[in-house]
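S.K.: can't give you the sequence, but here's the structure:
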C-alpha cells in the first residue's frame with residue numbers, strides 16, 4: 001500500500017510540474033531585442049520565420065558599412081544545410097547618397113536599387129536578377145527603413161526595417177520586424 005501511495009504522489013507531483021521547455025518559441029521572440037548600444041545584432045522575419053545571422057562566411061554573416069557618411073549597407077547572411085546542399089540566404093538594406101546621421105527618426109521608403117536610392121533585397125544563393133532566387137523592392141513593391149539611433153563618434157547605427165520584395169516570377173517575399181544595432 002505504501003508503494004502505491006508513493007507512486008500516486010510521485011505521478012501527481014510530476015504531472016503538476018510546469019515544463020516550459022516543451023512550449024514552442026514564437027518566431028518573433030527569436031529575434032534580438034531592438035537595442036541602441038552597438039550590440040552587433042540584427043534579424044527579421046521572412047514570411048513569418050525568424051531570419052538571423054548563421055553560418056561561417058569569411059566576410060562575416062553580419063555586415064554594416066557606412067562609408068563617407070553617405071552610403072549605408074546592412075547585410076544579414078544565413079547558411080542552412082538542406083539535403084546535403086548549402087543554401088545561403090541574404091537580406092540587404094542599402095541607402096546611397098544620404099546623410100543618415102542628419103535623419104535619425106525619419107522613415108525612408110525602400111524602393112528601387114540604384115544611385116541616390118534606398119532598397120531592400122532578399123537573395124538566395126548569391127544570384128542576381130532575373131534569377132528567381134533574387135527578390136527586390138521596387139517602385140510598386142516597397143518597404144520602409146528608419147535609423148532610430150546614430151552615434152557618429154562611437155560609429156553606432158541602430159534602426160528598423162520592413163519590406164516586400166518580388167522576383168522575376170512575380171513571387172513576393174515579406175520581410176517584417178527587421179532590426180539592427182551595429183558598429184560600422
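M.R.: That came through fine. Given the structure is predicted, the values throughout are model-derived calculations rather than measurements.

S.K.: ok, residue 118 to residue 68 distance?
M.R.: 16 Å (C-beta to C-beta, to the nearest Å). Heads up, the C-betas are built off the backbone N, CA and C, glycines and all.

S.K.: higher neighbour count, those two?
M.R.: Legend: neighbour count by other C-beta atoms under 10 Å for residue 118 and residue 68, higher for residue 118 (25 against 7).

S.K.: now the element after the helix or strand of the chain with the lowest mean pLDDT, going C-ward?
M.R.: Every helix and strand of the chain was ranked by mean pLDDT, DSSP states H and E. The lowest is helix 2-16, at a mean of 46. The helix or strand immediately downstream of helix 2-16 is strand 41-46, counting by DSSP states H and E.

S.K.: so what touches the helix or strand that comes right after that following strand?
M.R.: Downstream of strand 41-46, the first helix or strand assigned by DSSP H and E is strand 49-51. For strand 49-51, contacts defined as C-beta atoms under 8 Å, 6 or more residues apart in numbering pick out 27, 28, 30, 31, 43, 44, 45, 76, 78, 89, 91, 175.

S.K.: residue ranges of the strands in this protein, please?
M.R.: For the chain, the strands defined by DSSP state E occupy 41-46, 49-51, 62-67, 71-82, 85-95, 107-110, 118-124, 134-136, 143-151, 156-166, 172-183.

S.K.: report the beta-bridge partner residues of the nearest residue to residue 100 once chain neighbours are set aside.
M.R.: Of all residues not flanking residue 100 in the chain, residue 147 sits nearest, at 5.1 Å (C-beta to C-beta, 6 or more residues apart in numbering). Taking DSSP bridges as the rule, residue 147 bridges to residue 159.

S.K.: I'd say residue 147 and residue 161 touch.
M.R.: No: counting by C-beta atoms under 8 Å, residue 147 stays clear of residue 161, with 10.0 Å between them.

S.K.: number of residues surrounding the residue nearest to residue 100?
M.R.: Applying other C-beta under 10 Å, we find 23 residues neighbouring residue 147.

S.K.: same question, residue 107
M.R.: When neighbours are defined as other C-beta under 10 Å, residue 107 has 12 of them.

S.K.: ok, what's across the strand from it?
M.R.: Under the criterion used (DSSP bridges), residue 107 bridges to residue 146.

S.K.: test my guess that it contacts residue 146.
M.R.: Yes: in terms of C-beta under 8 Å, residue 107 counts as a neighbour of residue 146; the distance is 4.9 Å.

S.K.: if we can go back for a sec, out of the contacts of strand 49-51, grab the one that's most surrounded.
M.R.: That'd be residue 91 among the contacts of strand 49-51, by other C-beta under 10 Å, with 27 neighbours.
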